[in-house]
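Enquirer: sequence? don't have it. structure:
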């Protein structure tokens, strides 16, 4: 019943003894990307120089955007690659809030990924005197009740609800379709951050009717460190909503060099400045791999692997003081499994340094194991579980500081 | 007296028969960058994976920023690499405007680079009901009188003046120090766009006292297509001015994953999201080359070459209907020379396709010749002038459409 990691050999795996379970932070390097980027560098920049803008580069934002659209259930012309997730969230949140001055309350999750909260806090300060950020907490609620907490917090002054589809810490997946319907029936705009789900689970963003979505490309899409993010805007809103950051790439005719900003039609108006081409071109092969494998195969393999890890947890890790943070119900589960432990930080250090198992630590006590169905193997999961057991049995975590110091 | 292009062999020049005079749009690929990027790709991303954030990547924004600081006369800790020029202009303009609600008029140049005008137009719409964009025109004024036009337009409600140091079309350089003093003595914040001067002429941004500056890295710094931009904020303002786009990379302790935004001290608070590493890492070798050559040598060579081109213009091009748009006084001249001609578009096409001379066309009638003192040669200038003569003598421009179609 164990599917094989049939796409693993499409990635650079320079040291197979390293168990890399952090593809939900930074996906691996696709071999095709390792070939493509030097071509972009040498041929397109080095030789073809300025001519590459017309020949190769101007099309990238929309071409890769449309491909990501196919991964998230969005039609061509609704998804575009640009800027960072934070900047994209800012643009769409501000644009959506602008449509109704009587609804300036922004609703989000107190346990949402920090940059999302920070961006929204800034917008609440910036909106006229009635701007406000209202926060509920979704990381201590059974997933099936999350929608009720949201419903309770909605009121007539809420103009925007911004949530993450999959929680960065617990791995809990929200019911995107039902929550969108609830929020928008109550008159607010729904804006999703799908960074932790894109490329690993099915998303029907267009069918949900959500106003918009943003997400990053460097996790399950394997687009490379800090690669440009994407944004989706529902097609009927594209010519209604304004991009507050009016850059020339979002203008109707940027190369006319006119004095007055006239926004492009369609999703292109949400572009801003000149995009970073080396990082943008590097996204495409990873996106192509996800399309080739298909989301239903990826989701099925991901669920099989998270399920297996949870079974191992019940037998081998629960008795040793680890606590499962990730929902058991597959409907509410993303593609990473999180364990809590009071010694999470030193355990993570021991996993890395003694066992070459690379998970991700999240404050204060979470160890995340990211499963990228394209390249993660069951054998890696076995070795990670062995390591989690051995660290405690051999008390290896005692060799490391109890608290994280500096960045990581 | 002709300095040699002693740094030319540090760049990839795959076809020496191409006369590339568009380094002010997209600088050439440094050989060191061609070596570095595949290392970042294979070693840092492919092999070291997530560990590269601490080991290599988190330091890039400030390390390269500090190096650019040395090029523009700014102390360490005042310049940082991030986002696009447009996004950086938005952040600083909005941040500076925020400090005094009674001064919400933004002053700029009607002939400023379009994205600057568009960004400022958006901010004028966004500021409270008293927001306004006031525009003067600086491209039809003798350069020594530009400061008077600015002085005439200043009033007590002007909170921000945003100008380009070197004009993207004419190549006119403004007197950065005197204009800054004028503007700030009158109570407004001065924000410079130094995209068209950084790396080609001396800039003493800190000594000028300007509130801030933004600029791109892909012209004379040779950082690569769409490479991240930079911003400078005067040190005493860094902890006073707010970044309106509050992302996690601008937070004091992003990896604590706290709920509430607390801005970083220093210029780092103007960061937003995760930076595109392949494009960011690619900037450093070009910046290093500028530092190695030194701005005074670069400026001297640049002036020698623009001077030579203007001499050739007087003798060979003026009689053929070309008109010099660039100031003759070297004090007011950047590093490109612009010629106007009623057939500028078809002439540009003939230069490219018949003579392999690559200048840049700018609407409606300007042909720009960018001189990058690191790699442009006098021989290239001779061949460009020959081509400008030959196109008209042989009526080659008649084979091309009179008007530009599509983008370029």
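Expert: Cool, got the structure. Computed from a prediction, not measured in an experiment: that's the story for all the values here.

Enquirer: just the strands in the stretch 251-400 of chain A please.
Expert: A:323-324, A:336-340, A:357-358, A:360-362, A:366-370 (DSSP state E, counting those that start in this stretch).

Enquirer: For the fourth one, buried residues please.
Expert: When burial is assessed from 16 or more other Cβ atoms under 10 Å in any protein chain shown, strand A:360-362 yields the following buried residues: A:360, A:361, A:362. To be clear about C-beta, it is placed using only N, CA and C from the backbone, and glycine gets the same treatment.

Enquirer: Against residue A:189, how distant is the last one?
Expert: Read it as residue A:362. Relative to residue A:189, residue A:362 is positioned 29 Å away (Cβ to Cβ, to the nearest Å).

Enquirer: What about the closest residue in space to residue A:224 that isn't next to it in sequence, how many residues nearby?
Expert: Nearest residue to residue A:224 in three dimensions, chain neighbours excluded: residue A:282, at 4.4 Å (Cβ to Cβ, 6 or more residues apart in numbering or on different chains). Per other Cβ atoms under 10 Å in any protein chain shown, the neighbour tally for residue A:282 reads 32.

Enquirer: Okay, and the beta partners of residue A:106?
Expert: In this structure, residue A:106 bridges to residue A:133, residue A:160 when assessed by DSSP bridges.

Enquirer: wait, what's in contact with it?
Expert: By Cβ atoms under 8 Å, 6 or more residues apart in numbering or on different chains, the contact set of residue A:106 is A:93, A:97, A:120, A:123-124, A:131-134, A:158-162.

Enquirer: so which one among those residues has the lowest pLDDT?
Expert: Least confident by pLDDT among the contacts of residue A:106: that is residue A:131, with 86.

Enquirer: Now do stretch A:185-203: distance to the chain's middle.
Expert: 10 Å (Cα atoms, centre = their mean, to the nearest Å).

Enquirer: first vs last residue of stretch A:75-83, how far apart are they?
Expert: 21 Å (Cα to Cα, to the nearest Å).

Enquirer: residues in contact with it?
Expert: A:60-62, A:64-66, A:68-69, A:72, A:88, A:91, A:206, A:217, A:228-235, A:238, A:249, A:266-268, A:270-272, A:275, A:280, A:283, B:83-84, B:87, B:273.

Enquirer: ok, now with 6 Å
Expert: For stretch A:75-83, contacts defined as Cβ atoms under 6 Å, 6 or more residues apart in numbering or on different chains pick out A:61-62, A:64-66, A:68-69, A:228, A:230, A:232, A:235, A:266-267, A:271, A:275.

Enquirer: Quick check: which of these are also close to chain B?
Expert: Counting by Cβ under 6 Å from any Cβ of the partner chain, A:228, A:275 from those sit close to chain B.

Enquirer: Among the contacts of stretch A:75-83, which one sits closest to chain B?
Expert: Taking Cβ to the nearest Cβ as the measure, chain B lies nearest residue A:275 of the contacts of stretch A:75-83, at 4.8 Å.

Enquirer: Grab the nearest non-local neighbour of the closest one.
Expert: Residue A:275's closest residue in space is residue B:226 (Cβ to Cβ, 6+ apart), at 4.8 Å.

Enquirer: dump the residue contacts of that neighbour.
Expert: A:274, A:275, A:276, A:277.

Enquirer: In helices, which of the contacts of stretch A:75-83 fall?
Expert: A:61, A:62, A:64, A:65, A:66, A:68, A:69 (DSSP state H).

Enquirer: out of those, which one sits closest to residue A:108?
Expert: residue A:68 (23.5 Å; Cβ to Cβ).

Enquirer: returning to that earlier point: derive a PyMOL selection command for the buried subset of the contacts of stretch A:75-83.
Expert: A single PyMOL command selects the buried members of the contacts of stretch A:75-83 (16+ other Cβ under 10 Å):
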select buried, chain A and resi 61+62+64+65+66+68+69+228+230+232+267+271+275
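
Enquirer: quick one: contacts for the residue nearest to residue A:224?
Expert: A:33, A:37, A:224, B:278.

Enquirer: Next, count neighbours for the third one.
Expert: Close neighbours of residue A:224, defined as other Cβ under 10 Å, add up to 31.
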